[in-house]
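**Student:** here are the coordinates; sequence isn't available:
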């Protein structure tokens, strides 16, 4: 039996309902959904149908719904952007770090029920709960009202398209795309090489037209490739910006 059913109309029930109302901006129709948003799998909760009850399925749904809402918003707000630009902008908005920031700002983590000690969670828990919350709102009141919720809680307070335009979420992605557009030959060499710092066990080198452009070390291959890309990016930044300005004028 769920927490909501046990509480009935008690003071804790009323407090929880009011808290959720304050967060989502309307009195929830199905409070059990929002109980699930703040239930971690470590509690091993099971519903009356024998299925596991935690936030993970709602998180999956919220991720998809959020992507659709943000995509729709960008489609209307960026009429001159092509598919690639829209996709890149959406990625900047729904990226994990940004959603973690939103979830943390909303104070969602304080409501989480879990057997895991709080200091063992990484920052992703904040974004996970927020996505589950979006999923719960969608199931509770449908797409239209969920869209209004996202606009109120995410877009209006956090999304500045002009500021997001210059943000880079993957230096490697930007460089590879630009290299391909310019028909430039590039190569990433990533290999084990700890050097003096034993915690940085992988080294990456970036060659462009057979010339070494940058090198960097990191704790894994992916981080090393991104780090060397960031160093190389600033060597090409002016040319990349000029090319983008030319594209925007066309």
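**Tutor:** On my side now, so go ahead. Owing to the predicted nature of the structure, the values given are computational and were not obtained by experimental measurement. Numbering: from 1, shown residues only.
**Student:** switch to C-alpha atoms for all contacts and neighbour counts from now on
**Tutor:** OK.
**Student:** distance from the chain centre to the top helix by length along the chain, please.
**Tutor:** Ranked by residue count under DSSP state H, the longest helix found in the chain is helix 221-249. Distance of helix 221-249 from its chain centroid, counting by Cα atoms, centre = their mean, to the nearest Å, is 22 Å.
**Student:** same check, this time on stretch 207-218
**Tutor:** 29 Å.
**Student:** mind listing what's buried along it?
**Tutor:** For stretch 207-218, the neighbour count (16 or more other Cα atoms under 10 Å) marks 207, 213-218 as buried.
**Student:** okay if I get the residues you listed as JSON lines plus distance to residue 17 and pLDDT?
**Tutor:** Below are the buried residues of stretch 207-218 laid out as JSON lines (distance: Cα to Cα, whole Å; pLDDT from 0 to 100):
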{"residue": "207", "distance to residue 17": "58", "pLDDT": "97"}
{"residue": "213", "distance to residue 17": "57", "pLDDT": "95"}
{"residue": "214", "distance to residue 17": "55", "pLDDT": "96"}
{"residue": "215", "distance to residue 17": "54", "pLDDT": "95"}
{"residue": "216", "distance to residue 17": "51", "pLDDT": "93"}
{"residue": "217", "distance to residue 17": "50", "pLDDT": "91"}
{"residue": "218", "distance to residue 17": "46", "pLDDT": "89"}
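**Student:** I'd like the average pLDDT over the longest helix of the chain.
**Tutor:** Over the span of helix 221-249, the pLDDT mean works out to 84.
**Student:** give me the buried positions along that helix.
**Tutor:** Quick answer for helix 221-249 (16+ other Cα under 10 Å): 221, 223-233, 240.
**Student:** and it, what does it pack onto?
**Tutor:** Judged by 3 or more Cα pairs under 8 Å, 6 or more residues apart in numbering; DSSP states H and E, helix 221-249 is in contact with helix 171-181, strand 186-192, strand 202-208, strand 211-218.
**Student:** lowest average pLDDT across these?
**Tutor:** When I compare the helices and strands packed on helix 221-249, helix 171-181 is least confident, with a mean of 89.
**Student:** mind listing residues that contact that helix?
**Tutor:** If you take Cα atoms under 8 Å, 6 or more residues apart in numbering as the criterion, helix 171-181 is touched by 168, 185-186, 225-226, 229-230, 233, 240.
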